[in-house]
Each structure stands twice: as structure tokens, then as C-alpha cells.
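>>> what follows is a protein structure lacking sequence information:
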């Protein structure tokens, strides 16, 4: 997490991913949504913006602010999320004796476990637990080029960037406040093209993982296996999904391989947490979020496969849209990261 600026003004959450940008502003005293908006993006062009000199991302943010906002923005201060897949998050245990040279210890951890040079990363860390003999350190790292490009794109649109963090941190913040997310939990964030997986304990992310499969993958699988158009496949996914019915077996059969890859990665993350991080904090729940969570029966699927209470998170019950028209149900889940960014209290930026 890179802390860049502080000013005591209302915060706007700006979620940037390869498939779209989403924005939301919330009055955190009333849990009242002040404004929101989203814009779908072309992944190839986003990649060019993040790795080259294209202005596509900057131009898209400007267009979003000018043409796609519902409500009014309370300020130009934003917090930005970077795709979790483009970041590295690890929790590790060290003897208390190294705390005085903790920066060196973190750099050594980075060199051992992150496959790119530390000099190319923004690195942030904090001690999240301590005992007489050991400290537990949470470390996050994001490629400097990705952060710099996203910040420059936002600033070119007249925004002032207060903080940058991995998207899963934002999701965890919202779920902690709305879904008993302080309990040891597994979060499965199914986006359009990727699924991010994290273990959260006490509202703090302990480990992340992911797989390049998302809601769009399910749609493509259904279209290919059942021989229907993409539009019909999407309708089958969001209306029928995995719920019991005459089409359940065909739909489940068409997306089974993709679902099982998510399950395999989730099991890996759970096993790492249980074996390497905590053998005494039992995982209490699995929360499914993201645009891919709109598939009926997905919560029950995870419950059956992992033998763990699982459900689709619904933080929207706490948010009040007031006089604003609410996003249609099937698009509401896309705003979860932006909402998590928007509920950062200005004073928390320098905790």
C-alpha cells in the first residue's frame, strides 16, 4: 500500500481493473451513496496504458467523470485500487529480535518470494500481531510502473490520489463492516476475467491467490458447450446458474472445469493459511463477491465442495442510495471494490 497524500476531504473510491473502471462516493456517517458510475474497458488497451504510452486509461477516466456519473462527486480526492493479481501480499513470522532491522528482513522476504526485483516495487508492511518471542508481519508490494501509470491517469483527469492499495484490501474493508468480515474468512472475488482469493482474519488479509478465470469465462463455457449465443449464455448463467432445475446439469457440466480450477486454488490458499500462518484460527466462512457472484447457487456450490459455510456477500443492505436510482441488481456487485475504497475515513490514511 503506497500512501501518497492526505487531506481531510470526502474520499471517492476509484476501482481500476483490466475490464473496467468503477467509482463510488459514500457519506460514511450515514452510509449514504453520494455518487457512482462505471465504464467497461478493452483489456488490451488497458494493458497498453499500463505498460506503454497509451492515454486510453486517462481518457476513459475523464469520460467516466464527464458522462457516466450518477449523483454528484463530493470532492476530487480519490483512493485507487490496483488489481490484486498485479500485487503481492504475504504474511510471515519473524523473531522479535529482528524488529529493529525489520526493513532489511522484509526486503529479504521480498527477494525470496517475489519474482521481480524489489527496486521495481512499492513495498509497505506492518506488524499485525506480536508475542514475547515472535512478530507477524503483513507485507504488500505492487509494481511501481502499475501504480505510477494509474496515479498519472487519475491526476490527468483532475483527481488527487490519496492512497493506492490492492483491490482485495478494499473488499475486505467493506466486508469487515457489513458481513462479519472480522471473523477468519475466505473471500472469493470472481471478477469478469480473474478470480482473486484471500484469507482475512480480524479484517486483515493474511494471504492472497488467484486464477485467470472469471464470470466471462463461465459465459464463454456455456455458449461453447451448449451451442448458444453469448447473450443467451449470459442469461442462462444469471437466471438459472447452478440452481436446481431442468437445465442445472447442462449448465454445471459446461462450467465444471472452470469452477474446479477456482476450487483447487482456493484449497491451496486455505492449506497455506492452515499450515504456515495459523493452525489455531479456524476459518468460519467463505464469502463470494464480484460480478461472477451473480450466478444462482454459487454459494451452495462452494459449501458442498469445501465443506464450509459459504454464501454470496450482500453488503448493499447497509448502503442507502437515497434519492439516487440504484444500479440494477446484476450490476451492483461490480461496485464492491469501489465501495470498500470509499469508506476509508480521511483520518485513517495516516494510521
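On my side now, so go ahead. None of the values given here were measured: they were computed from a predicted structure.

>>> can you list the low-confidence ranges for this protein?
The model of the chain has pLDDT under 70 over residues 1-8, 181, 279, 346-351.

>>> select the longest helix from it.
Criterion DSSP state H: the longest helix present in the chain is helix 248-272.

>>> mind listing what's buried along that one?
By neighbour count on 16 or more other CB atoms under 10 Å, the buried set for helix 248-272 is 251, 254, 255, 258, 259, 262, 263, 265, 266, 269, 270, 272. Placement of C-beta: from N, CA and C, glycine included.

>>> and for stretch 327-346?
Here stretch 327-346 shows 327, 332-344, 346 as buried, counting by 16+ other CB under 10 Å.

>>> same question for stretch 99-108.
105, 106.

>>> tell me which helix or strand residue 125 sits in.
Per DSSP states H and E, residue 125 falls inside strand 121-130.

>>> could you list every helix and strand in contact with that strand?
When contacts are defined as 3 or more CB pairs under 8 Å, 6 or more residues apart in numbering; DSSP states H and E, strand 121-130 packs onto strand 2-3, helix 102-113, strand 134-143, helix 144-156.

>>> please identify the deepest-packed of these.
strand 134-143 (a mean of 20; mean count of other CB atoms under 10 Å).

>>> tell me the strands beside that one, with direction?
strand 87-95 (antiparallel), strand 121-130 (antiparallel) (DSSP bridges).

>>> how distant is that strand from the center of its chain?
Relative to the chain's own centre, strand 134-143 is displaced by 18 Å; criterion: CA atoms, centre = their mean, to the nearest Å.

>>> same check, this time on stretch 273-288
Put simply, stretch 273-288 sits 19 Å off its chain's centre (CA atoms, centre = their mean).

>>> same check on stretch 79-91?
8 Å.

>>> contacts for the longest helix of the chain next, please.
With contact meaning CB atoms under 8 Å, 6 or more residues apart in numbering, helix 248-272 is reached by 186, 188, 190, 195, 197-199, 207-211, 213, 217-218, 221-222, 224-226, 236-237, 240-242, 283, 286, 297, 301-302, 305-306.

>>> before we move on, back to that, got the angle for the strand holding residue 125 vs helix 144-156?
Interaxial angle, strand 121-130 versus helix 144-156 (axes from the mean of the first three to the mean of the last three CA atoms, to 10 degrees): 100 degrees.

>>> and the helices in this protein?
43-51, 56-67, 102-113, 144-156, 167-178, 215-226, 230-235, 248-272, 298-306, 329-332, 336-342.
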